[in-house]
Structures are given as C-alpha cells and as structure tokens.
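K.L.:
need the 3D shape of this:
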Amino acid sequence: MRIGLLQCDHVNAEFQPLVGDYPDLFANLLTPAMPDIELVVYDVTQGQFPANVRECEGYISTGSRQSVYDDVAWIHDLSAFVRDLYANQQKFVGICFGHQMIAHALGGEVKKTGRGWGIGVKSVEINQPQAWMQPAMPAYNLLLSHQDQVETLPPDARVIGSNAHCPNSMIVVGEHFLGIQAHPEFTPQYAEALMCSRIERIGRETVDQALATLSTPIDSPAIAQWITAFLGG
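P.N.:
Next comes the predicted model:
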C-alpha cells in the first residue's frame, strides 16, 4: 500500500543517532503492522507536496515543533492540501501536529491549553469504539509531547478517545480522517532525550513527573494496527 508521509519537521541532529529521522520512526512503527507498506516521503517544510491527492492511497502527517496557526508558508500550503484531501475523501491520519491540522484546516480551533504540557506516557480512554480498532482495547497508553490542543472540533468531527488533560485526544472527521494527539512513533528513549533537552521550557517538576511515567508499557504496536487498518479500510 502506497502511503504518503507528510513530513512536518526533522528530528534534531543530536538525536538522529538514537532514532533516525521521522521517516525512520514511522517506518519502524508501521511496517510490522503492514509489511507491504510503501512510505513516500514529502518534506512539506521544503514545499514538497504530492502533485495530486491520488498520488498515494492514503496519507499520514507527522508532528512538528511549530504550531498549526503559525503564519508560515508551508503550513498554509499544508492546510490547503488537507482540505483538498478531505474534499476528495482521501484517507488521512494526523499525528500530534497533524491531528491539530485536521481541526485547524477544517474549521476547528487549536491553541495552547491552560492544562500545561502533555508529555510522558498518558492513558486515553476509548469512548466510541470503531470497527478498525483491532485489537480492541478500552484504553491505550502512548507517549506525548505537546502544548497545543484541539479546543474546538471542526464540523462532522467526533471524539473517539479522551482523557482529563486532553479531552479531544483522538478524533475522526467523516469516515476518512483520523487524528491522534500522541506520538505512537516515539520510543521512550527518544521521549526522555527530548524532554531533558527542554527542561528550561517545560519546567523541572513537570519533566520529572513525566520521566517517572516512561516505565509504563506503551501500546504503539496496537495503535499501528489501528492506523494501518484505518488507512486500508
């Protein structure tokens, strides 16, 4: 299956010996769940976009250190491309920044939350199980790294996973868009390195609390199966 990876950032050079760049992270996440997947990388930060929405069978958007509401040319272009995907009923999965872009592009609102940084491992409860959620789970644990959140849903969106810190943790819009406010592609080692590099921004107490969660098992393999089933369904 040919899936376009819309790359919205790069792993810092200092961390690339640990995990590679975003294409490596997503290949490591998705290939065990779908061995025949072909990831076609588009570095949208450099203006690289598919010539048309049918170039791939589905698309995934990575996270980014930037915000979806930043006045940056490639972000405006990505927003327009996401609207084009939606209009053409193409499958799209947004991860973290990509999740927020779904809301931003389609008429919702994204902003920095008053609930503070979402980092470390957090649990999300499934409140609307979907047929493609196999293996079925009542909740999942994933790594997070975000300040922004989807505060107002776009039209036709439904919340299918939530927690107290991030009520709109997992959403679907129509039958073709899935947004996940988490990083199933992250490893605990990378999450630890990233948090420790941001102590001054985040705050020592918040980072220490998040570091203590890293021994919690994460459900990335199961979420990878959900993602690939959603894209292939």
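
K.L.:
buried set for stretch 124-137?
P.N.:
For stretch 124-137, the neighbour count (16 or more other Cβ atoms under 10 Å) marks Val124, Ile126, Gln130, Trp132, Met133, Met137 as buried. Heads up, the C-betas are built off the backbone N, CA and C, glycines and all.

K.L.:
just to be sure, the last one is in a strand?
P.N.:
No - inclusion of Met137 in a strand is not indicated when DSSP: H, G, I helix; E, B strand; the rest coil is applied; the result is coil.

K.L.:
next up, phi/psi of it, please.
P.N.:
Note on Met137: backbone dihedrals following degrees, to the nearest 10 are phi -140, psi 140.

K.L.:
all helices of the chain, in order?
P.N.:
Under the criterion DSSP state H, the chain carries helices at the ranges 16-19, 22-30, 73-87, 97-105, 188-197, 199-202, 204-211, 220-232.

K.L.:
touching the last one from outside, list them.
P.N.:
The set of residues external to helix 220-232 that reach it, using Cβ atoms under 8 Å, 6 or more residues apart in numbering, is 1, 3, 29-30, 32-34, 37, 57-58, 60, 91, 93, 130, 132-135, 137, 140, 142, 178, 180, 182, 184-186.

K.L.:
now the angle between helix 22-30 and that helix, please.
P.N.:
On the basis of axes from the mean of the first three to the mean of the last three Cα atoms, to 10 degrees, helix 220-232 is oriented at 100 degrees to helix 22-30.

K.L.:
how far does stretch 109-117 sit from its chain's centre?
P.N.:
16 Å (Cα atoms, centre = their mean, to the nearest Å).

K.L.:
quick one, what contacts the most centrally placed residue in the chain?
P.N.:
Within the chain, one residue has its C-alpha closest to the average C-alpha position: by Cα atoms, centre = their mean, that is Ile95, at 1.0 Å. With contact taken as Cβ under 8 Å, 6+ apart, Ile95 is in contact with Ile60, Ser61, Thr62, Gly63, Ile180, Ala182, His183, Pro184, Glu185.

K.L.:
now do the contacts for the closest residue to Ser79 other than its chain neighbours.
P.N.:
Take Ser79 and drop its neighbours on the chain: the residue closest to it by Cβ to Cβ, 6 or more residues apart in numbering is Ala105, 4.3 Å away. If a contact means Cβ under 8 Å, 6+ apart, then Ala105 has Val68, Leu78, Ser79, Ala80, Val82, Arg83, Tyr86, Pro154 as its contacts.

K.L.:
tell me the pLDDT of Ala105.
P.N.:
At Ala105 the predicted local confidence, pLDDT, stands at 98.

K.L.:
next: Arg2.
P.N.:
For Arg2, pLDDT reads 97.

K.L.:
surely Leu6 touches Gly58?
P.N.:
No - using Cβ atoms under 8 Å as the test, Leu6 is too far from Gly58 to be in contact (11.0 Å).
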